[in-house]
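Chemist: Predicted model follows, preceded by the sequence.
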Amino acid sequence: MNFRIQNIQTGWLHGFIGVAIFAGSMPATRVAVQGFSPEFLTGARACIAALLAFILLYMLKQPKPSAQQIKSLCIVSIGVIIGFPLFTALALQTQTAANSLIFVALLPLATAFFAVLRAKEIPQLTFWLYAGAGSALVIFFMLQQSGMHGLTLSDLYMIIAVLLCGLGYAEGGVLSRTLGGWQVICWALIMALPLMFPMFLVYLPHNFQQIPIAAYIGLAYVSIFSMLIGFFFWYKGLALGGIAKIGQIQLIQPFIGLMLCAVLLNEQISLLMITVSLAVVSCVVMAKKYA
């Protein structure tokens, strides 16, 4: 019992560190897309991280994953290496980083949903009631922002990004129990390289001199921290403490992200953003009780 409690506590610590790193992803991506196209940014961050991953796997002589694990790694790649980075970058061309963080507030619910499908974790009915309430609040926010004219294209991009990320988190959390946390993201990056490297080449900027320094800094952050180091802690936390439970630590990500947006990007944080974020977090906190 003590060993189990210790695992959960260690899982919470790892999860918290991972979320703190991920909180900088939206602001960094917002800065990066001011100089790079979403397609190039997605390919470049994956290629840079994959190079570092290959060095780690080679130096530490890690065994190759099994055929079954490769299937899971493909799902992880689609979710967190291709899908989430690409669709958030597309959304952040026209949407502020602060606005996108409202959608990120739904990540705990998406992660828990896929934990049911992939990890066979079965929440109670009450969980889904609160999850539905949280989703309804985000839809309300989207309609308010678009003047009640329905979803914008950037909203749709963020919804797809959150769903794919939740899938990648849940699948990676399950796989981390047998393959190891940092090994999962490293192998997933290698798996995605045949697709990401051509994307990197096709969308290579014609003139790097016109790209602002801030865009390079954003690219470096999402490549090294968001795409690699953050997952070392995150997948370890999910494996130790449970996907649905540890996934709720993402509650703090919108708040850290909003502070970063205000400080680093001088973006305006509206009262509606804060109110909806708090309301969504309240729904997820209650959902956690039944997860």
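Modeler: Great, that's in hand.
Chemist: what about the spatially most central residue of the chain, is that helix, strand or coil?
Modeler: Centroid check for the chain by CA atoms, centre = their mean gives C165 as the closest residue, at 5.3 Å. Going by DSSP: H, G, I helix; E, B strand; the rest coil, the secondary structure assigned to C165 is helix.
Chemist: Quick check, pLDDT for it.
Modeler: The score at C165 is 94. That number is its pLDDT.
Chemist: Distance of it relative to M191?
Modeler: Counting by CB to CB, to the nearest Å, the gap from C165 to M191 is 17 Å. Glycine gets a C-beta too; all of them are placed from N, C-alpha and C.
Chemist: didn't the residue nearest to the centre of the chain look like it was pressed against L107?
Modeler: Yes: with contact defined as CB atoms under 8 Å, C165 reaches L107; the gap is 6.1 Å.
Chemist: any idea where the helices of the stretch 1-150 of the chain begin and end?
Modeler: Assigned by DSSP state H, counting those that start in this stretch, the stretch 1-150 of the chain shows helices spanning 2-22, 25-32, 38-59, 67-76, 84-91, 97-104, 107-119, 125-145.
Chemist: Now do the fifth one and helix 107-119, the angle between them.
Modeler: Meaning helix 84-91. Angle, helix 84-91 to helix 107-119, by axes from the mean of the first three to the mean of the last three CA atoms, to 10 degrees: 150 degrees.
Chemist: Output the contacting helices and strands for helix 84-91.
Modeler: For helix 84-91, the packing partners by 3 or more CB pairs under 8 Å, 6 or more residues apart in numbering; DSSP states H and E come out as helix 25-32, helix 38-59, helix 153-179.
Chemist: that older thread, residue contacts, the closest residue to the residue nearest to the centre of the chain other than its chain neighbours?
Modeler: Nearest residue to C165 in three dimensions, chain neighbours excluded: F84, at 4.1 Å (CB to CB, 6 or more residues apart in numbering). Counting by CB atoms under 8 Å, 6 or more residues apart in numbering, F84 touches A161, V162, L164, C165, G168.
Chemist: which ones are touching the third one?
Modeler: Under the criterion of CB under 8 Å, 6+ apart, the neighbours of L164 are I78, G79, V80, G83, F84, F87.
Chemist: try it again with 10 Å
Modeler: Counting by CB atoms under 10 Å, 6 or more residues apart in numbering, L164 makes contact with 75, 78-88, 110, 114.
Chemist: go on, the second one?
Modeler: V162 makes contact with 83-84, 87-88, 100, 103-107, 109-111, 138, according to CB under 10 Å, 6+ apart.
Chemist: Grab the nearest non-local neighbour of F16.
Modeler: Distance criterion CB to CB, 6+ apart; nearest residue to F16, sequence neighbours excluded, is I249 at 5.6 Å.
Chemist: one step back: quick check: of the contacts of L164, which lies closest to S223?
Modeler: P85 (9.9 Å; CB to CB).
Chemist: quick one: that closest one from V263, how far?
Modeler: 23 Å.
Chemist: Next: F255.
Modeler: 13 Å.
Chemist: again, but for F127
Modeler: Distance from F127 to V263, by CB to CB: 35 Å.
Chemist: sorry, back to before: okay, F255 and V263: which has more neighbours?
Modeler: F255 (16 against 10; other CB atoms under 10 Å).
Chemist: quick one, the one helix or strand the more buried one maps to and helix 25-32 angle?
Modeler: Element membership for F255, per DSSP states H and E: helix 253-264. Per the same axes, to 10 degrees, the angle that helix 253-264 makes with helix 25-32 is 40 degrees.
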